[in-house]
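Asks: Sharing a model prediction with you, sequence too.
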Amino acid sequence: MTLSAVRLTLIKRAVFVSALSPLIIYLWRAVGDALGANPIEALIRGSGDWTLYFLTLTMSITPLRRFTGQNWLQALRRMLGLFTFLYACLHLTTFVWFDHFFDLDEILRDVWKRPFIAIGFTAFLLLIPLAITSTHAMQRRLGRYWSQLHRVVYAVALLAMTHFWWMRAGKQNFAEPIVIGVIITILLAARLIGPIQRWIQARKDLVLARDVESR
Ligand code: HEM
């Protein structure tokens, strides 16, 4: 289904404002001293949660578009991906700046004590090339390599899941990691269905061709 340009612009604006609203709410609460007893923890956890939500939303666009036939959905993917990166930057900034005041020794000690942080950092590093190459110009310049590069998002999702799971394991709190884990597994499986179907078809064609040849 195609959507008029005006409607698509309105949808994009609504998504933009909605995606920005968690950040505005956190800023509002920070200014009003309403982040609770441990504001830094609230900021790290909140920004981590939103990074994961936007990552999941970004990954769900293509399967949703294929499933519903609503091609206009694809126009939202870049924006959602960039919001993933924005919240990841806030998450990292809160950790490095507000929690550790850029003290490298302190940061390394914390990473040694809680290795799940290193996994989160690896996921963040992998997001950087995706954000840099997200423009239409980069997409054109990279051609078919662009989609190969952007498959890295699935590795980011696995690392982010491990990071979240490991962090919550320390607290014996698995409810949310299980929900997000199921969603991400479904999205990964949806990504694999196409290639598997093509592989099965190619095998069938090969068997058929050999059959015809041997007659
Ligand atoms: C794609 C990248 C990342 C994602 C999706 C992500 C996601 C998350 C999530 C969902 C949580 C748990 C929040 C909760 O309990 O509700 C979390 C916690 C945490 N993350 Fe990340 N994270 C990422 C990268 C990073 C990076 C780069 C760092 C720092 C170098 C980091 C440091 C932490 C820390 C320290 C916590 C635990 C906070 C606490 O104990 O209160 N994460 N992250």
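Replies: Yep, it's here. Residues are numbered from 1 along each chain as shown.
Asks: buried sites along stretch 99-111?
Replies: Buried positions in stretch 99-111, judged by neighbour count with 16 or more other Cβ atoms under 10 Å: 99-100, 107. For the C-beta atoms, the positions are set from N, CA and C on the backbone; glycine is no exception.
Asks: Could you pull up the mean pLDDT of it?
Replies: In this model, stretch 99-111 has an average pLDDT of 97.
Asks: And stretch 15-33, by the same measure?
Replies: 97.
Asks: I'd like to know if that stretch reaches the ligand anywhere along the stretch.
Replies: No - interface with the ligand: stretch 15-33 contributes nothing (Cβ under 6 Å from any ligand atom), its closest point being 12.7 Å away.
Asks: Need the residues that contact that stretch.
Replies: Residues outside stretch 15-33 that contact it (Cβ atoms under 8 Å, 6 or more residues apart in numbering) are 34-35, 39, 43, 46-47, 50, 54, 76, 79-80, 83, 86-87, 90.
Asks: Mind doing that once more with 10 Å?
Replies: The contact list for stretch 15-33, computed with Cβ atoms under 10 Å, 6 or more residues apart in numbering, reads 34-36, 39, 42-43, 46-47, 49-50, 53-54, 57, 75-76, 79-80, 82-84, 86-87, 90, 94, 98.
Asks: Could you list which of the buried residues of stretch 99-111 belong to helices?
Replies: Among these, the ones falling in helices (DSSP state H) are residue 107.
Asks: So which elements touch the helix or strand hosting residue 58?
Replies: Per DSSP states H and E, residue 58 falls inside helix 39-68. Packing partners of helix 39-68 (3 or more Cβ pairs under 10 Å, 6 or more residues apart in numbering; DSSP states H and E): helix 5-31, helix 77-93, helix 116-132, helix 152-169, helix 175-214.
Asks: Which one of those lies nearest to residue 140?
Replies: Across these, residue 140 has its closest neighbour in helix 77-93 (13.5 Å, Cβ to Cβ).
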